[in-house]
Every structure is written in structure tokens, then in C-alpha cells.
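# curious how this folds, go ahead:
(one chain, ligands or ions: 2)
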Amino acid sequence: MTARFAEVLVPLGIDQPYSYAVPDGLAVAVGDLVHVPLGPRTVTGVVWSLGATPRFANPAKLRKIDGRVEVEGFRPELMNFIEWVAGYTVAPRGAVLRMALRLNENLGPPRPRAGIRRAGPEPARMTAQRARVLAALEGGLSYGKSDLAREVGVSVAVIEGLVDEGTLEAVELAPEVPAARPDPDHPALALSATQAEAAASLAAAASRGGFATFLLDGVTGSGKTEVYFEAVAAALRRGRQVLLLLPEIALTTAFLERFVKRFGVRPAEWHSEVPPRRRERTWRGLAAGDTQVVAGARSALFLPFRDLGLIVVDEEHDASYKQEDGVAYNARDMAVVRARLAEVPIVLASATPSIESEVNARRGRYRRLALPSRVGGAALPEITAIDMTRQGPERGRWIAPSLVAAIEATIARQEQALLFLNRRGYAPLTLCRACGHRLRCPSCDAWLVEHRFRRRLVCHHCGYSMPRPTACPHCQAAESFVAVGPGVERLAEEAQARFPDARLSILSSDLVVGVERLRAEITAIERGEVDLVIGTQLIAKGHHFPRLTLAGIVDGDLGLAHGDPRAAERTFQLLHQVVGRAGRESGHGSGLIQTYQPKHPVMTALIAGDRELFYDTEIAARERAGLPPFGRLATLLVAAADAAAAEAYARTVAAAAPSRDGVRVLGPAEAPIAVLRGRHRVRLLVRAARAVNVSDYVREWLAKVPPPRSNVTLAVDVDPQSFA
Ligand SMILES: Nc1ncnc2c1ncn2[C@@H]1O[C@H](COP(=O)(O)OP(=O)(O)OP(=O)(O)O)[C@@H](O)[C@H]1O
Ligand SMILES: [Zn+2]
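Numbers count the residues shown, from 1 in each chain. Ligands and ions are numbered 1, 2, ... in the order given. From the prediction side, this is the model:
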């Protein structure tokens, strides 16, 4: 018997599925993607359940499903995952579904692909961009138009101009053939004994299947990637699919190349830089089981695998796994949940595990696989503090004499040095010398950061920018502004003056625009075409620069200034990662950390090279304070254009908080960034004992809260990562 009614979950901020009638002759199953009418529109939703009676409304009045989308339906595993994430994050199920259906508009029948090829003589006017396009098409190659534009870094208009002139012509391309399958038996690097041992445990788990969590805990440069590749191979041999989560995937060309070396082909990529067409292909390929491995950013977690066999989360401690807008979730934690629901093993890899994972490993909930030494036996970098209270540079300079000397010596040995400062722009603060006025963002509680390269003052929170004023808006003094403090641009200016013969590369997301150019810059560093690299956290992650032997940290204290419970952990991880870039092949790396607090536990642990010391101290401090993972946190953030409205609603919310053993509600209090994008922000913090189910508590609470007025918002974050 075919079901007559379907409950369809739609990808909107709604928790309940809607009831629809199933038209005669349409066969639908639970998990199928369907088009349904919703108000005046048609949306793509997922059949959540089927029945002989609808849950809502009068059956005679129900609207009908328009039709089925020709694509593999969701597996129960993904549907359960969506339910679980929605329950945990206290988000409407439809909002979580939206993350799994990011490209519903694109799921039509496959369209013809427009291609481009050389057809006529060179254009009358040749430009550098045109030359690049023609070079790529040499030898009669044809290309998708947007693929070509992306590959050579020009706009589609440049290509269209060449078509108009008859140099190129448009052709219809054959439908793309599915990519070749990764080959688990492609010749691999010979692993070291320790690597092989860890790899064998992972491969065994991937062959066996079943849920298990591994913490692949290897020092920087220990070859963790090669180790988890063996688990990937084992999953592939069983014909199962693999999800690889990576932070900053867009920049990790080196990773993709290593994957090619090991498996013969690239994995499918999933992140915001991938063009929609290719994303659609990957989505369909995974649902149909034709795509075996996807390497992606956190959003890849919601992809519709047909037969998921393994999850790997590389750099599992990375803060970018946390999504704060919309559904607030931590992709690392949710990846563990998905692995449990799918009953597959998961590998969390890091040189500096999150406190949560470290505690889980210490308690035996995660199985630790340790790689205590670097590949080829290279020593870990020697780390020294530069006490800025005594050995700092002269006023107006940012690089201490001993760091200058170390950089000179490094370059003289024809090795590479790195200067790290986690702040974009020229200077974080601009003030008037005459009256002390500070330039602030008009819509955020933040200073404007000067970007000299772009010649603008920019708000790093909302993106607002303005030209540098010639007179102080407060006292009208002319040319009275001074730049206070350094950003990478200012550091680069100093480096240029101090090391005039060095080849510099300045890596900051706003200086090198576009993924392709960033990738090219990183490749140049890998090849040793650069003497001194200056960068923000873009350069800290995962890169392997063979010639780099010195890492200098310009402001080691920067991350410690926040009153955030994770400030110490984040700073330790970031600085450890940065110095971990040094000496990966030569074996004589060193790290110099400029700090005003050389006695801070983070600094002493880094200098002693004693990771355990840091974890012991930090874990004990968290335990004493009842902070995660020894207690639970959730925040409720109220925002409104008007401060009084935000405060009033926050008080209403606070008054409705259920009283419960083991739960304390703090606030309402102004958020550290009290105004963001013109909205006043007031926060309530839930602190609960570990045994409390905070999600349930918050849900129960919200059920008693009157809905906010139209311009007031309330956002829930279970397990907040930062308190900004
Ligand atoms: N068995 C091996 N033989 C030779 N080279 C290897 C071997 N294993 C790994 N490598 C190489 O060593 C380098 C470092 O490996 P990898 O980047 O995986 O380290 P990692 O542990 O991820 O470091 P980090 O945490 O600092 O990113 C890479 O260039 C990798 O190709
Ligand atoms: Zn702003």
C-alpha cells in the first residue's frame, strides 16, 4: 500500500515537518527529496515520515507534493544526524536540514555545459589577462567557461570579450565523466616504525567498521597525514566513503598533492571556493556512491554519504570548526556524533589537541595513538622567550634586536625565517595627537584598523571602511593622526627597512586576494623563493616549508588579553603550531617568542617544550572552575538596534529561567563586543554541572519565554567557544 500523506521537513527555520498529500501515482519513500508548495513558492524538502493520516489540518485541504527530485534520498543515518544536531544545538530541524541541502536550487536535471576553445587569430589588442586565457587553451584544449576564468584568474567577461572578437568560440562540452577512483593500492611512502604501528591500528578499525574515536596525537611534522591515509585506504578497500575535514581547506594545495601521491587522484573538495556546479556534482556523487573521498571544510559534515566508512578531522583543535552564525555547532564534536550514528571510526588528529579531546584520551574514552617524533628524526624547535620588558626594541619598532640578529643569521645561511603576528592591517588603533580622539567603527564597539595597502580604515568586525581622514573629526586638527601598535603591514615595513636584500612574502588574507594567488604564494615559499615570510594565522596551519628554520612570534601575548575561558588554550595551540613550522626538514629549527609575560604558564610550557605541563595546568584550572569539559556552558545572546530594547528583553528572558540543581544563570550582562553591526548585545550565560543536559534545560527555558519583538533577536550557543 502506498502512503497517502507525507510529513516533509523544509530547509527553513522551522522545527516541525509540514503535512502534504502524496498525489496518486507518485511513489515516495522516507528520505526522498521532494518539491513542495510552501506559501507562494516551491521549496525542496525531505520526506521525514509517511503515514495513512496527516499530523496536521484537514486532509481535504492539504496541498500536494509537486514531485520527487531525481537524486538519491537521504539515508536514515543522515536524518538521525540532523535530528541529533538540532536537539543538541537547540536549533529548528529545518535550519539544520538547510545545511545539508545547501544547493537545493541546483538539483535540477544535469544541464549542458558551455565550453570554450580557440577558433581564430589573436585579438587586435593583447593584454596580460587575454594572454593567460590563450595560453591555457593552447593545444586545442577546451574548457568550461567559468572553470577557465577561475583557473587563470580572470573574469568571465575577459573570455566573453575574446568570443566576441572571434578568437575563441563557445562549444557544448560532453557531460563530465565521473572522476577516477582513489586507488588504495597506489604505491605509498614507506612509513617509519611508529607511523606504521599507528597506521595499522587505524586501518584495522576502518576495516572492522564500528564506532571508535582515535586521537592521533603527533608532534608537528610527525607525518600524521600519511598515517591517517592508511585508514582512508582501508575504508576504500571495503568500498566505503571517507569524509576528511580540514581547516582552511582552500589553502591546502600541498594536502591535495599528497593525497594524489598516495591515491593517484585528487579527492573531491567541498568549501565555499568550489564553484556551485562542481559542488553539485560532488553532492550527487556522494549520494549515489560514485564519489569516494571528500575533503572539506566544516560544512562537509552534512553531506549525504551513501555509505560512510570513516571520518578524519585534521587539526581537530582548530577554532574554525566552530560555526557561530545561524546554527551554532562545533564540527569536531558533531563529527564524533555522526561517526557514532553511522557506526564508523573517527580519527581526530592534532599536535595540540583541544582540552576536551585530551581529557577524553586521558580517561580512555578516546584511543590515543602517539607519534612522539618528527619524520626522519628531525629535532623539535628550540624555543626561547624574548622578555620585552628588558630586551625589547626601541620605540616605534616591533622586532627586538635578538630576533633581528636571528633573522639575519638565518637568511645568511640561505634558510627561511617566519615572522608571525596575528593582526591584519597596518595598525590596530589610530588616534589624534592633539585631542586623543580614537577612530572607531560607527556601528561596532571596536577601533578602526588602518590598512595602508588599501588606504583605508577598516572595521574587522563588520567590514565597514573609510578613507583615512585628513583632519580629526573631533578637534579638527589637521594631519594629527598617529598609528598605534603594529599589524602585519607595519611589521613588513620594518622588515623591509631592516633586511633590504631579503625576498619578503607577506601573507594576510586581505593582502593576497583570492585563493589561487594565495596558493601560488604558498607554493613559492615551499620552493624556497622567499627568505622572510610575514604573516597572520594563515601561515600557521599545516604548512610544510622545507627551508624554514626560524619562527619569530612578534606578540606572544596577543591572544592572552581576552577574558575568554579558552584564551590560554588557544594561545598555546597557535604559538605551538607557528613554531612547529620551523626546522621540519633541517632538524635545527628555533622559535623566538616576544612576550611581556615570560612567566605566564603558556610561555613557560612552550619554552620548556613541555606540552604535558601545559595540559596538566590547564586541565586542573578548568576542573577547579567547573569549566568545560568538567562543566557545561551555553550562552543566550540578545541583540537589538536599541540598547534599552535588548536589555529589557534580556531581563524578560532571565526572569523565565527555570531553577534547577546544578545550573546557574549569570547575567544579563553586556557582551564584550557590546555593539556589533549596529546591534546592542546582551548576554546570559548558563553554567551547569556536567551531568546536566543543557540543551534540554535551554529548550525548556525558551518554551517559557515570550517571543522577541520583531527587531530583537535571541541566539543560543551550546558549548560557546569564545565569549566575544
Ligand atoms: N614515512 C615518511 N617518509 C618520508 N616522508 C614522510 C613520511 N611521512 C611523512 N612524510 C613527510 O613529512 C612531512 C611532514 O608530514 P605531515 O605534514 O603529515 O606532518 P604533521 O604531523 O601533519 O605536521 P603538522 O601537525 O605540523 O602539520 C610531509 O612533507 C610528509 O610528506
Ligand atoms: Zn564595525
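
# which residue does the stretch 601-724 of the chain have closest to ligand 2?
Closest approach between the stretch 601-724 of the chain and ligand 2, counting by Cβ to the ion: R677, at 6.4 Å. The way it works is simple: take the backbone N, C-alpha and C, and place the C-beta from them, glycine included.

# how about the contacts made by that residue?
For R677, the residues meeting the contact criterion (Cβ atoms under 8 Å, 6 or more residues apart in numbering) are 443-444, 461-462.

# 10 Å - rerun?
Applying Cβ atoms under 10 Å, 6 or more residues apart in numbering, we find R677 in contact with 441, 443-444, 459, 461-464, 639, 641.

# again with D15
By Cβ under 10 Å, 6+ apart, the residues touching D15 are 9, 86, 91-96.

# need those in JSON lines with distance to A149, pLDDT and secondary structure, can you?
JSON lines is the format used below for these (distance: Cβ to Cβ, whole Å; pLDDT from 0 to 100; DSSP: H, G, I helix; E, B strand; the rest coil):
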{"residue": "L9", "distance to A149": "37", "pLDDT": "97", "secondary structure": "strand"}
{"residue": "A86", "distance to A149": "38", "pLDDT": "98", "secondary structure": "helix"}
{"residue": "A91", "distance to A149": "37", "pLDDT": "96", "secondary structure": "coil"}
{"residue": "P92", "distance to A149": "38", "pLDDT": "96", "secondary structure": "coil"}
{"residue": "R93", "distance to A149": "38", "pLDDT": "97", "secondary structure": "helix"}
{"residue": "G94", "distance to A149": "35", "pLDDT": "96", "secondary structure": "helix"}
{"residue": "A95", "distance to A149": "33", "pLDDT": "95", "secondary structure": "helix"}
{"residue": "V96", "distance to A149": "34", "pLDDT": "96", "secondary structure": "helix"}
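
# most widely separated two among those?
The largest distance within the contacts of D15, taken as Cβ to Cβ, falls between L9 and A91 and amounts to 12.8 Å.

# okay, and the common contacts of those two?
Contact criterion Cβ under 10 Å, 6+ apart; residues shared by L9 and A91: 15, 98.

# on that earlier part again, in strands, which of the contacts of R677 appear?
Among the contacts of R677, the ones falling in strands (DSSP state E) are A639.

# just the buried ones from the contacts of R677?
In terms of neighbour count (16 or more other Cβ atoms under 10 Å), the buried residues within the contacts of R677 are 441, 443-444, 459, 461-462, 464, 639.

# quick one: those residues as JSON lines, columns for pLDDT and distance to A520 too.
Output for the buried ones among the contacts of R677, formatted as JSON lines (pLDDT from 0 to 100; distance: Cβ to Cβ, whole Å):
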{"residue": "C441", "pLDDT": "94", "distance to A520": "33"}
{"residue": "S443", "pLDDT": "92", "distance to A520": "35"}
{"residue": "C444", "pLDDT": "92", "distance to A520": "33"}
{"residue": "C459", "pLDDT": "94", "distance to A520": "29"}
{"residue": "H461", "pLDDT": "89", "distance to A520": "30"}
{"residue": "C462", "pLDDT": "88", "distance to A520": "30"}
{"residue": "Y464", "pLDDT": "92", "distance to A520": "30"}
{"residue": "A639", "pLDDT": "96", "distance to A520": "40"}
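
# what does this structure have sitting close to ligand 2?
Applying the criterion Cβ under 5 Å from the ion, the portion of the chain that neighbours ligand 2 consists of 441, 443-444, 459, 461-462, 464.

# can you lay out those as JSON lines showing distance to L216?
Converted to JSON lines, the residues of the chain next to ligand 2 look like this (distance: Cβ to Cβ, whole Å):
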{"residue": "C441", "distance to L216": "42"}
{"residue": "S443", "distance to L216": "43"}
{"residue": "C444", "distance to L216": "39"}
{"residue": "C459", "distance to L216": "39"}
{"residue": "H461", "distance to L216": "35"}
{"residue": "C462", "distance to L216": "38"}
{"residue": "Y464", "distance to L216": "42"}
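
# tell me the one of those residues nearest ligand 1?
The closest of the residues of the chain next to ligand 2 to ligand 1 turns out to be H461 (Cβ to the nearest ligand atom; 29.8 Å).

# no further queries at this time; thank you.
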